[in-house]
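K.L.:
just to be clear, the model below is a prediction. Sequence and coordinates:
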Amino acid sequence: MKSELIAEILNRGKDDWLDFAEVMSIVRTHSRIDEPAAIALSVELICEMLEQRSISVGDLLKRGETVAFAPWDGPPRLIVERIHANLINLGHRPGIGEICWVSTV
């Protein structure tokens, strides 16, 4: 199942950046697991894709009228730790644009 989820995330990422909420939505739709499990699996999949170098994780920055992707520096382990910290600090269900953005490479 993980490979199908990764393929779907990468496929959707061809057209635009994905936020964490969309990654989680893909996981929930295809696996039908509860929200805490979907969050955990989303982070796990992001980690795997980072290790495979098939994605970058970062923020979106608005510069005038344009929006640019700004990747986070560091190895996958540190990026995943940052995602976990963002989830803990959020205190509610991740919404659009929260936690992180994913860019396919």
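P.N.:
Received, thanks. Numbers count the residues shown, from 1 in each chain.
K.L.:
now do stretch 95-103: everything it contacts.
P.N.:
9, 13, 17-23, 46, 49, 55-60, 69, 71-72, 82-83, 86-87, 90 (C-beta atoms under 8 Å, 6 or more residues apart in numbering). No exception for glycine: its C-beta is placed from N, CA and C like everyone else's.
K.L.:
mind listing what's buried in the one helix or strand residue 9 maps to?
P.N.:
For residue 9, the element it lies in under DSSP states H and E is helix 2-12. Within helix 2-12, the residues scored as buried using 16 or more other C-beta atoms under 10 Å are 5-6, 8-10, 12.
K.L.:
and for the spatially most central residue of the chain, nearest residue in space, chain neighbours not counted?
P.N.:
Centroid check for the chain by C-alpha atoms, centre = their mean gives residue 20 as the closest residue, at 4.0 Å. Computed as C-beta to C-beta, 6 or more residues apart in numbering, the closest residue to residue 20 that is not its neighbour in sequence is residue 99, at 3.6 Å.
K.L.:
may I have the lengthiest helix in the chain exported as CSV, CA atoms only?
P.N.:
Looking across the chain with DSSP state H, the single longest helix is helix 35-51. The C-alpha atoms that make up helix 35-51 are tabulated as CSV, following Å, rounded to 0.1, in the frame of the first residue of the first chain:
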residue,chain,number,x,y,z
GLU,A,35,-6.7,10.6,11.7
PRO,A,36,-3.9,9.9,14.2
ALA,A,37,-2.7,6.9,12.1
ALA,A,38,-3.1,8.9,8.9
ILE,A,39,-0.9,11.7,10.4
ALA,A,40,1.8,9.1,11.4
LEU,A,41,1.7,7.4,8.0
SER,A,42,1.9,10.7,6.2
VAL,A,43,5.1,11.6,8.1
GLU,A,44,6.5,8.1,7.5
LEU,A,45,5.8,8.4,3.7
ILE,A,46,7.4,11.9,3.6
CYS,A,47,10.4,10.5,5.4
GLU,A,48,10.7,7.7,2.8
MET,A,49,10.3,10.1,-0.1
LEU,A,50,13.0,12.4,1.4
GLU,A,51,15.4,9.5,1.8
